[in-house]
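1. when you get a sec, could you give me coordinates for this:
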Amino acid sequence: MDGFLAWLVGLIALVIPGFGATEPPGYDGYVEARYVYASSTTAGPIETISVREGDTVLEGDLLFRLRSEQQMALLSAAQARVAAAEAGLKNLTTGSRADEIDVIRASLEKAEADLQLASDSATRSEKLFGQGLVPQSKLDQDRASLASAQAAVRQLEAQLKVAELPARTEQQVQAEANLAAAHADAEKANADLADRTITAPAAGRIERVFFDAGEMVAAGTPVISILPEGALKVKFYVPEAARTGFALGDQVAVSCDGCPDGLTARVSFFASDPQFTPPVIYSRDERQRLSYLVEATLDGANLHPGQPVTVERQ
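-> Below you'll find the predicted structure:
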């Protein structure tokens, strides 16, 4: 009887092509997208949004801007502090201003002229005193005037020398440190201002715009999601017995309702842990109840996230 049935099945298979052939097993799954989210590192109200859902953008294209009046004011203040620190350092390294030095030199010239006059008067008084023509008091007065004139010349010479010298090393070091700190503040203010302009971190299609212009967003909150090219993957589950039939890099066939024929994907991930684990020891019978998540990257297919699909081994 068994031989007859086998003969009958074989005969029918010859007459009807495909009869008795086993369909390759299919595994249910769905399409998922790896989105790239654009957000700001600082909080603030949105000033403008430059894209709409469905637009295609390149990496670096403008997405949105936050209001930045405060950041612009802080940058201007930081730049002013840099200018003040540079001027202070220049003043310390070059000495006094030329006009101040000119005043000291003019005073020195007058003091030298007064010294010459006092020296002549003292010399004349000494000669006349030796001849008995002037009293001792006149000689003492001229000598005192000479000493005073000499002291005035020495004082102005010292002032001129100090005015022409740069500041002490310690003062210059302090001024240089102040200038470096001012530059750092300006760089930070400039970076904070640049952070208010958000550009596309990757090329792709604008999937969602979560906020409108004028709304307040917190730091790190996604404002726009981008679907990059090649970011679609299929997630499906295989039973424990079929898990060894897949390997990383294997190509699988993908089909879905209304989709074109010939869609493929490449296995890119295997879950180590089963997704459905019975609360019993893994006996041979219970192992059949285990399923493992497998992910495969779609090969250029233009499907939509959430699309149910069927995956078959090739």
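
2. in this protein, where is pLDDT below threshold?
-> Segments of the chain classed as low confidence (criterion: pLDDT under 70) are 1-25, 92-99, 163-170, 276-289, 301.

3. which stretches in it count as strands?
-> With DSSP state E, the ranges of strands along the chain come out as 26-33, 36-38, 44-49, 56-57, 62-66, 197-199, 204-209, 216-217, 224-227, 232-239, 251-255, 263-270, 291-298, 308-313.

4. the last one packs against which elements?
-> When contacts are defined as 3 or more C-beta pairs under 8 Å, 6 or more residues apart in numbering; DSSP states H and E, strand 308-313 sits against strand 26-33, strand 232-239, strand 251-255. To be clear about C-beta, it is placed using only N, CA and C from the backbone, and glycine gets the same treatment.

5. which one of the strands of the chain lies nearest to residue 131?
-> strand 197-199 (94.4 Å; C-beta to C-beta).

6. what's that closest one in contact with?
-> Counting contacts by C-beta atoms under 8 Å, 6 or more residues apart in numbering, the residues outside strand 197-199 that touch it are 38, 39, 40, 59, 60, 61, 62, 63, 64, 65, 66, 223.

7. possible to save those residues as CSV with neighbour count and distance to residue 146?
-> Shown next, in CSV, are the contacts of strand 197-199 (neighbours: other C-beta atoms under 10 Å; distance: C-beta to C-beta, whole Å):
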residue, neighbour count, distance to residue 146
38, 21, 85
39, 17, 83
40, 22, 79
59, 13, 85
60, 11, 81
61, 14, 85
62, 14, 81
63, 24, 84
64, 23, 83
65, 17, 78
66, 20, 77
223, 20, 85
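
8. farthest-apart pair in those, please.
-> Comparing every pair within the contacts of strand 197-199 by C-beta to C-beta identifies 59 and 66 as the most remote, at 20.3 Å.

9. coming back round to it: save the strands of the chain as TSV, and put in distance to residue 183 too.
-> What follows is the strands of the chain, written out as TSV (distance: least, C-beta to C-beta, whole Å):
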stretch	distance to residue 183
strand 26-33	44
strand 36-38	30
strand 44-49	26
strand 56-57	35
strand 62-66	25
strand 197-199	22
strand 204-209	38
strand 216-217	31
strand 224-227	34
strand 232-239	47
strand 251-255	56
strand 263-270	47
strand 291-298	47
strand 308-313	57
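
10. any idea which of the ones you listed gets closest to residue 122?
-> Proximity of the strands of the chain to residue 122 was assessed by C-beta to C-beta; the nearest stretch is strand 197-199, lying at 79.4 Å.

11. cool, thanks, signing off.
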